[in-house]
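> give the three-dimensional model of this entry:
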Amino acid sequence: MKKITRDILKLLPLAFATYSISLSATAGDAATGKAIYNGEGGCAACHGATGAGDGVAAAAFNPKPSSFAAAAFRIDTDGDGKTGTDTDLANIIKNGAAKYGGNAGMPAKANYSDSKISNLIAYIRSLKK
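From the prediction side, this is the model:
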């Protein structure tokens, strides 16, 4: 039994390295995310073309849309004490902000695939000044 445990422990670093590589391989594509943001996602209408929270519809909202350029995120969807994590952004995109006490004007995109959401998040991250 001890030999099996030692063999398993020897393989753990390899397993973690493989897991890390697979996570980085699934990172979103910002260029694809930009097309979604400016197109079907409709994100630019509120968050603005540069992500400053100053889109043409922003004046109608209180609170104003988040500024991605300033990385000004307000919602902690998973209760980890941090706002604006990838998990938080994914939850807000998928479920809408109102579910987490945010602005009801941020619609849910429940039909978006994980890949599409990952691409949007990559683009949102690229807007930080």
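> all contacts plus neighbour counts: C-alpha atoms, from now on.
Will do.
> got the CA coordinates for stretch 117-129 in CSV?
Only the C-alpha atoms of stretch 117-129 are listed here, as CSV (Å, rounded to 0.1, in the frame of the first residue of the first chain):
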residue,chain,number,x,y,z
ILE,A,117,-18.1,33.9,-22.2
SER,A,118,-14.4,33.2,-22.0
ASN,A,119,-13.8,35.3,-25.1
LEU,A,120,-15.8,38.2,-23.8
ILE,A,121,-13.9,38.1,-20.5
ALA,A,122,-10.6,38.1,-22.4
TYR,A,123,-11.7,41.2,-24.3
ILE,A,124,-13.0,42.9,-21.1
ARG,A,125,-9.6,42.3,-19.5
SER,A,126,-7.9,43.8,-22.5
LEU,A,127,-9.8,47.1,-22.0
LYS,A,128,-8.0,48.0,-18.7
LYS,A,129,-5.9,51.1,-19.1
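> neighbouring contacts of that stretch?
Contacting residues not belonging to stretch 117-129 are listed as 27-34, 36-37, 50-51, 68-71, 86, 89-90, 93-94 [CA atoms under 8 Å, 6 or more residues apart in numbering].
> which of those residues are buried?
28-30, 33-34, 36-37, 50-51, 68-69, 71, 89-90, 93-94 (16 or more other CA atoms under 10 Å).
> return the member of these nearest to K82.
L89 (11.4 Å; CA to CA).
> any idea how many residues pack against G81?
Neighbours of G81 under the rule other CA atoms under 10 Å: 8.
> could you check how far it is from G102?
16 Å (CA to CA, to the nearest Å).
> what's the pLDDT at P63?
The model reports P63 with a pLDDT of 88.
> SS state for it?
Of the three states, P63 takes coil according to DSSP: H, G, I helix; E, B strand; the rest coil.
> so it is in contact with G101, correct?
No. Using CA atoms under 8 Å, P63 makes no contact with G101, being 11.4 Å away.
> tell me the SS of T50?
coil.
> OK, contacts around it?
44, 69, 127.
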